[in-house]
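Asker: Provided below are the primary sequence and the corresponding predicted coordinates.
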Amino acid sequence: MSKVEKNKKQKESSLYKAAYDLFTTKGINDTAISDIIKKAGVGKGTFYLYFKNKYDILDKIILNKSTHVLSEAIRHTKAREFKDFEEELLYFIDYIIEYLRKDKLMLKLIYKNLSWGVFKKAYNDYEEIHEIYLMFERGYEKSPLHNDDIEKILFIILELTGSVCYSSIILNEPADIDEMKPILFKTVKKIIN
């Protein structure tokens, strides 16, 4: 990588970090582009080289952070041995829950975007995301389900997990995550069986 490319990457990285810090501390509505560029130490023109507006950088941060959570969860899941698909899937979901419990600021930012939309956007660009789908394919390899149905089950589980995490960890509704986790796991078991 040339010095110019390295400098560009560093500026882009500074913008991401500044925006993330401001979005999670001040809030999205109270953060202006001028706040982001000031914190990043770059000019306004530099911001517009990379992003259309603050919602563009927000969307990219959400995609990056959500993908990171899913990628880390599948990496840790793949590193273990499981007796069956159910145990593997519950470990994967539990990893996501515990990760988000530890990083509430990130969970607030990504809100309910730990979802199918993120999964589909990241599917081609991240090997780990592809591995999530492969986990489901392996789990259903002896099943008469078509790939479309397997994909729909994956969709339901990702959406359900993301929504329960946000509501239970951030809002404590309808109960905290420790009360909701066993119910979520029972529901997931029913969905996959």
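Answerer: Nice, thanks for sending it over.
Asker: With residue 75 as the reference, measure out to residue 129.
Answerer: Distance, residue 129 to residue 75, by CB to CB, to the nearest Å: 11 Å. Any C-beta I mention is one placed from the backbone N, CA and C, and that applies to glycine too.
Asker: who's more crowded, those two?
Answerer: Set residue 129 next to residue 75 and count neighbours by other CB atoms under 10 Å: residue 129 wins out with 20 against 13.
Asker: So which residues of this protein form helices?
Answerer: Using DSSP state H, the helices found in the chain span residues 3-25, 33-40, 44-50, 54-78, 85-102, 104-110, 116-122, 127-139, 147-165, 177-192.
Asker: shaky segments in the chain?
Answerer: Applying pLDDT under 70 to the chain picks out residues 112-119.
Asker: so how far is residue 161 from the residue minimising distance to the centre of it?
Answerer: Per CA atoms, centre = their mean, the C-alpha nearest to the average position across the chain is that of residue 66, at 1.7 Å. Taking CB to CB as the measure, residue 66 falls 12 Å from residue 161.
Asker: now swap in residue 17 and tell me
Answerer: Distance from residue 17 to residue 161, counting by CB to CB: 27 Å.
Asker: Neighbour count for the two, which is higher?
Answerer: More crowded of residue 17 and residue 161, by other CB under 10 Å: residue 161, with 21 against 14.
Asker: Run a quick neighbour tally on the nearest residue to the more buried one once chain neighbours are set aside.
Answerer: Closest residue to residue 161 apart from its sequence neighbours, by CB to CB, 6 or more residues apart in numbering: residue 93 at 5.4 Å. Neighbours of residue 93 under the rule other CB under 10 Å: 22.
Asker: Confirm for me that residue 93 is in contact with residue 184.
Answerer: Yes. Assessed by CB atoms under 8 Å, residue 93 is found in contact with residue 184 at 7.2 Å.
Asker: what do these two both touch?
Answerer: Listed contacts common to residue 93 and residue 184 are residue 161; contacts here mean CB atoms under 8 Å, 6 or more residues apart in numbering.
Asker: For residue 95, see how far away the residue nearest to residue 106 when sequence neighbours are not counted is.
Answerer: Distance criterion CB to CB, 6+ apart; nearest residue to residue 106, sequence neighbours excluded, is residue 65 at 5.6 Å. Plainly put, residue 65 is 15 Å away from residue 95 if you go by CB to CB.
Asker: I am finished for the moment; much appreciated.
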